[in-house]
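Visitor: Give me a 3D structure for the following:
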Amino acid sequence: MYQPPKVIALDADCTLLHSEPTPHLLPGLVQMYLHPKTLTLLTALRARGSTLVLATGRKKRFSLPIAKLISAHWTICEYGGLLVHGNGRVDQTWFQQFTPWVGTYRQRWQRKGPLWDYWRELQGEGFVPHEFGATSFTIDLNGNRPRAEAVKRLLRQRPPSGMAARHSRFNHLDIFPAIVNKGAAFSYLLTRLEISPKDSAAVGDDPADLELLSAAGLPCTIARAQPTCTAFVQKRRGYIASHEGHAGIQQMLTFLLTGERP
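Guide: Presented below is the predicted three-dimensional model:
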């Protein structure tokens with residue numbers, strides 16, 4: 001008898017959530033929605049014993065409302081910089097590896113470390129960080145006022161050694177320690193839960209999700225995902241939904257629930 005994956009990791013924006021309006025509008029820097037049918041399928045997967053993991057680049061305060069709505073058991077946020085239990089507690093063991101770059105979690109508001117030194121450097125150049133996390137900060141390039149050439153220079157330049165920058169489809173620039181990634185956080189969680197990667201699945205749609213897809217036994221994506229994502233899932237013989245948007249994630253969750261390909 002078919003059993004759904006024991007652990008399922010789900011990217012948020014443009015995978016689980018989409019811009020097509022539904023009754024469930026989620027908080028964030030852009031308007032994204034969760035479809036009621038998607039929520040019903042997630043509830044069914046939970047009932048079949050699957051552990052749900054929200055895996056997103058969003059900061060904690062924008063991630064946890066989504067996690068609460070879908071009743072996720074765990075949340076990977078800030079691209080893997082934070083691992084949060086369903087009860088809201090941060091996994092301190094996972095976080096410890098980032099302290100040389102961002103300081104301790106309890107002292108995060110002091111912003112001491114190389115990441116925050118870079119934030120102050122950019123601030124001196126006129127860039128105003130839009131959102132702060134525990135292991136990252138975001139610059140909204142839509143709302144900053146420096147000259148256009150200054151923005152282009154920022155996008156071209158490499159961040160200081162040991163740090164990474166990711167330019168999102170929403171024209172936000174996220175900066176975080178280079179050792180942060182969703183896949184490493186998911187692998188750590190699987191080990192903690194004593195579950196083999198072959199009993200897991202991951203769903204993503206863009207290059208930021210490649211490490212997450214690599215860590216799972218069954219990588220999945222939706223129609224019209226970023227080409228690198230689609231190519232990776234094809235190579236791994238994972239599952240690619242034939243639809244996009246809300247219909248795409250629903251088709252994928254139905255497959256994970258039943259094991260039946262349309």
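Visitor: buried ones in the helix or strand hosting Lys37?
Guide: Element membership for Lys37 (DSSP states H and E) is helix 36-47. Buried residues in helix 36-47, counting neighbours by 16 or more other Cβ atoms under 10 Å, are found at Thr38, Leu39, Leu41, Leu42, Ala44, Leu45, Arg46. Where C-beta positions appear, they are placed from N, C-alpha and C, glycine not excepted.
Visitor: For the helix or strand just after that helix, enumerate its sheet partners and note whether each is parallel or antiparallel.
Guide: Next helix or strand after helix 36-47 toward the C-terminus (DSSP H and E): strand 51-55. Counting by DSSP bridges, the strands paired with strand 51-55 are strand 7-11 (parallel), strand 74-77 (parallel).
Visitor: Give me the mean pLDDT for the last one.
Guide: Computed over strand 74-77, the mean pLDDT rounds to 98.
Visitor: The helix or strand that comes right after it - contacts with which helices or strands?
Guide: Downstream of strand 74-77, the next assigned helix or strand under DSSP H and E is strand 82-85. With contacts defined as 3 or more Cβ pairs under 8 Å, 6 or more residues apart in numbering; DSSP states H and E, strand 82-85 has these neighbours: helix 60-70, strand 74-77, helix 92-95, helix 182-193.
Visitor: can you put these in a markdown table and add distance to Gln123 and mean neighbour count?
Guide: Listed next are the helices and strands packed on strand 82-85 as a markdown table, based on distance: least, Cβ to Cβ, whole Å; neighbours: other Cβ atoms under 10 Å:
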| stretch | distance to Gln123 | mean neighbour count |
| --- | --- | --- |
| helix 60-70 | 21 | 19 |
| strand 74-77 | 23 | 28 |
| helix 92-95 | 25 | 15 |
| helix 182-193 | 27 | 20 |
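Visitor: just to revisit the earlier point, quick one: which of the strands paired with strand 51-55 is nearest Ala247?
Guide: strand 7-11 (16.0 Å; Cβ to Cβ).
Visitor: Other residues contacting the closest one?
Guide: For strand 7-11, the surrounding residues in contact (Cβ atoms under 8 Å, 6 or more residues apart in numbering) are 16, 45, 50-56, 70, 72, 76, 182, 186, 189-190, 193, 195, 199-206, 209, 212, 216, 256.
Visitor: Run the chain-centre distance for it.
Guide: 10 Å (Cα atoms, centre = their mean, to the nearest Å).
Visitor: so what strands line up beside the helix or strand following it?
Guide: On the C-terminal side of strand 7-11, the closest following helix or strand by DSSP H and E is strand 24-26. If you go by DSSP bridges, strand 24-26 pairs up with strand 32-34 (antiparallel).
Visitor: contacting residues around the partner strand?
Guide: With Cβ under 8 Å, 6+ apart as the test, strand 32-34 has contacts from 12-14, 16-22, 24-26, 66, 69-70, 246.
Visitor: Thr22 against Gly245, yeah?
Guide: No - between Thr22 and Gly245 there is no contact under Cβ atoms under 8 Å: 10.7 Å.
Visitor: follow-up on the earlier one: for Glu121, which of the strands paired with strand 51-55 is the nearest?
Guide: strand 74-77 (24.9 Å).
Visitor: any low-confidence regions in the stretch 51-200 of the chain?
Guide: 143-149, 151-152, 155 (pLDDT under 70).
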